[in-house]
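Asks: Need the 3D shape of this:
(chains A and B)
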Amino acid sequence: MALQSLDIKQRSATTTPSPQARQTIEIAKLIDVSACIGCKACQVACMEWNDVRDEVGNCHGVYDNPMDLTEKSWTVMRFSEIEEQGKLEWLIRKDGCMHCADPGCLKACPAPGAIIQYANGIVDFHQENCIGCGYCVSGCPFNVPRISKTDSKAYKCTLCSDRVAVNQAPACAKACPTGAIQFGSKEDMKDYAAKRITDLKERGYEKAGLYDPAGVGGTHVMYVLHHADKPDLYSGLPVNPSISPLVALWKGATKPLATLALAGVALGSLFHYVMKGPNEVSKEIEKEIEKEDAQ
Amino acid sequence: MQMNRRQFFKVCSAGLGGSSIAMMGFSPNAALAEVRTFKLARATETRNICPYCSVSCGVLIYSTGDKSKNSQSEIIHIEGDPDNPVNRGTLCPKGAGLRDMVQSANRLKWPEVREPGSKEWKRISWNEAIERIAAHMKADRDKNFQAQNKDGVTINRWPTIGALVSSAASNEAGYLTVKTLRALGVTQLDTQARI
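Replies: Numbers count the residues shown, from 1 in each chain, chains lettered A, B, ... in the order given. Below is the predicted model of the structure:
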């Protein structure tokens, strides 16, 4: 029997592997950007379900509100007006955690158990284990986690892990009145996306496609884009996201080397003690040194 | 911090030992991770209709307690009703934030009156409010009611009043509202119920 409602795939800063025997379904959220009307019902449903209420902001002359993700706004709509083939297009992208299969935040996190990847694909933050170092922010290729100024903990979309654990869709997906947010198994979401892409291609969007970037092992939040060849049109969606090489260098090479050096020093000291014994200092010299120290 | 050579070595070796133990997997944290408990597990579920616009989406209102005698209920969550054919579980941003409207500090919870010349709103009872409205309506109707037009045709019209009717009313409530107002002679009658 598992001691948790969702099986764990991996855990931050933990070398002991998680149990891998059970195979549960891999889930995904599909955001069909072409069907989004930017009503922000998902933003409201997210706050309502997760019991977070952000500050009432100010109008910045655009529809974006709030202007950026915060520790209390785990999803925001990003509006961009672009011109493609002489036509004005209004692209509205629901931004938030992508729940990468190869999560940069989890790789970078030094706090054991602060970031968990569940077997179903959800990457969840456990704030009680978070030390507020902000490594997840630099490790994230999508710039999603935010550190709270009040409790110094990192927060982001949980993909409503508490709802998914009891087989309910995330709050945003349930609320979406145009069906732009779909939720289901990753396989079904890919099938649904394929249908949408066929439809978009028939409507003249020849470059329509699915955004499921391989650079992070695929994501569990995917987009259907009308211009899949230019994801950066959608308020700077990364063209080829990958974990920063610094994270790989730090966790991949530096950490084992440092561990080895540490073990070497410990072993060396032990041998030194055994071979040479403690460094004897006569009482007189010791007193003299302590006298000097006190000055 | 003042530290002599010997103390410095002691601190260093303690740190080295501690981090080596942690690195070998003897971390003090339990290797468990639990998702947030599903907060609606035993909440009371009440079906209702969103009060905002005439689409009248179905909502599920979740409240604490089981309606037993000594437990006071409080609404903890509202979301769409998947069994309602109008919205099938979805909601617009206003409907999705319904809980904050129900629990808003600015919400009007009782009838209030601002009498002519007064700057203050005064709280009154429902009975007072209904009587007051009825008295005003009667006075206005007695004064302005037109039984016939200038050609002598019976019109039974009360032209000095208008009515705005609830957008979330059912067909039956709408029928009764129109019957009542038409019986009084009201011709200016409108509702948002046309989306």
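Asks: Could you use CA atoms for every contact and neighbour count after this?
Replies: Fine.
Asks: And stretch A:33-43, how far out from the chain middle?
Replies: Between the centre of stretch A:33-43 and the centre of its host chain there is 22 Å, according to C-alpha atoms, centre = their mean, to the nearest Å.
Asks: which residues sit in contact with A:Ala154?
Replies: A:Glu71, A:Phe125, A:Gln127, A:Cys130, A:Gly132, A:Gly134, A:Pro145, A:Arg146, A:Ile147, A:Ser148 (C-alpha atoms under 8 Å, 6 or more residues apart in numbering or on different chains).
Asks: again with A:Asn240
Replies: By C-alpha under 8 Å, 6+ apart, the residues touching A:Asn240 are A:Pro213, A:Ala214, A:Gly215.
Asks: do the same with A:Lys276
Replies: Going by C-alpha under 8 Å, 6+ apart, A:Lys276 touches no other residue.
Asks: most neighbours, which of the contacts of A:Asn240?
Replies: Neighbour counts for the contacts of A:Asn240 peak at A:Pro213, which has 18 neighbours (criterion: other C-alpha atoms under 10 Å in any protein chain shown).
Asks: Near residue 155, how many other residues are there?
Replies: Here I'm looking at chain A. By other C-alpha under 10 Å, neighbour count at A:Tyr155 equals 23.
Asks: my question was about chain B
Replies: 12.
Asks: Let me know the secondary structure of it.
Replies: Reducing the assignment at B:Ile155 to three states with DSSP: H, G, I helix; E, B strand; the rest coil gives strand.
Asks: pretty sure it contacts B:Gln146?
Replies: Yes - checked against C-alpha atoms under 8 Å, the pair B:Ile155 and B:Gln146 is within contact range at 7.0 Å.
Asks: Now for the closest residue to chain B within the stretch 101-250 of chain A: which residues touch it?
Replies: Of all residues in the stretch 101-250 of chain A, the one sitting closest to chain B is A:Ala175 (4.1 Å; C-alpha to the nearest C-alpha). Residues near A:Ala175 by C-alpha under 8 Å, 6+ apart: A:Ala41, A:Cys42, A:Ala45, B:Glu79, B:Gly80, B:Gly89, B:Thr90, B:Leu91, B:Cys92, B:Ala96.
Asks: out of these, who's nearest A:Asp232?
Replies: Of all these, A:Asp232 sits closest to A:Cys42, with 22.4 Å by C-alpha to C-alpha.
Asks: the helices in chain B, which residues?
Replies: Taking DSSP state H, the helices of chain B run over residues B:5-23, B:93-96, B:98-102, B:126-144, B:171-184.
Asks: What remains of the contacts of A:Ala154 if I keep only buried residues?
Replies: Neighbour counting by 16 or more other C-alpha atoms under 10 Å in any protein chain shown classes A:Glu71, A:Phe125, A:Gln127, A:Cys130, A:Gly132, A:Gly134, A:Pro145, A:Arg146, A:Ile147 among the contacts of A:Ala154 as buried.
Asks: A:Thr150 is in contact with the first one, correct?
Replies: Read it as A:Glu71. No - the pair A:Glu71 / A:Thr150 is not scored as a contact, 9.8 Å apart, by C-alpha under 8 Å.
Asks: Which one of the contacts of A:Ala175 is nearest to A:Glu288?
Replies: Proximity of the contacts of A:Ala175 to A:Glu288 (C-alpha to C-alpha) peaks at A:Ala45, which lies at 71.7 Å.
Asks: does the closest one count as helix, strand or coil?
Replies: Secondary structure for A:Ala45, judged by three-state DSSP, is helix.
Asks: which residue packs closest to whatever residue of chain B ends up closest to chain A, ignoring adjacent ones?
Replies: Going by C-alpha to the nearest C-alpha, chain A is nearest to B:Pro93 of chain B, at 3.7 Å. Computed as C-alpha to C-alpha, 6 or more residues apart in numbering or on different chains, the closest residue to B:Pro93 that is not its neighbour in sequence is A:Ala41, at 3.7 Å.
Asks: Let's see the pLDDT reported for that neighbour.
Replies: Looking at A:Ala41, its pLDDT is 97.
Asks: mind checking pLDDT for B:Met24?
Replies: 61.
Asks: repeat for B:Ser19
Replies: Reported pLDDT for B:Ser19: 69.
Asks: State the distance from the residue of the stretch 101-250 of chain A closest to chain B to A:Leu257.
Replies: Noted for A:Ala175: a distance of 49 Å to A:Leu257, by C-alpha to C-alpha, to the nearest Å.
Asks: give me phi/psi at the residue nearest to A:Ser242 when sequence neighbours are not counted?
Replies: The shortest distance from A:Ser242 to any non-neighbouring residue, by C-alpha to C-alpha, 6+ apart, is to A:Gly215 (4.9 Å). Main-chain dihedrals, A:Gly215, degrees, to the nearest 10: phi -60, psi -20.
Asks: list the contacts for A:Gly215?
Replies: A:Asn240, A:Pro241, A:Ser242, A:Ile243.
Asks: at 10 Å what do you get?
Replies: By C-alpha atoms under 10 Å, 6 or more residues apart in numbering or on different chains, the contact set of A:Gly215 is A:Cys100, A:Ala101, A:Asp102, A:Pro141, A:Val239, A:Asn240, A:Pro241, A:Ser242, A:Ile243.
Asks: What subset of those residues is buried?
Replies: Of the members of those, the ones counted as buried by neighbours, 16+ other C-alpha under 10 Å, are A:Cys100, A:Ala101, A:Asp102, A:Pro141, A:Ser242, A:Ile243.
Asks: Thanks a lot, see you next time.
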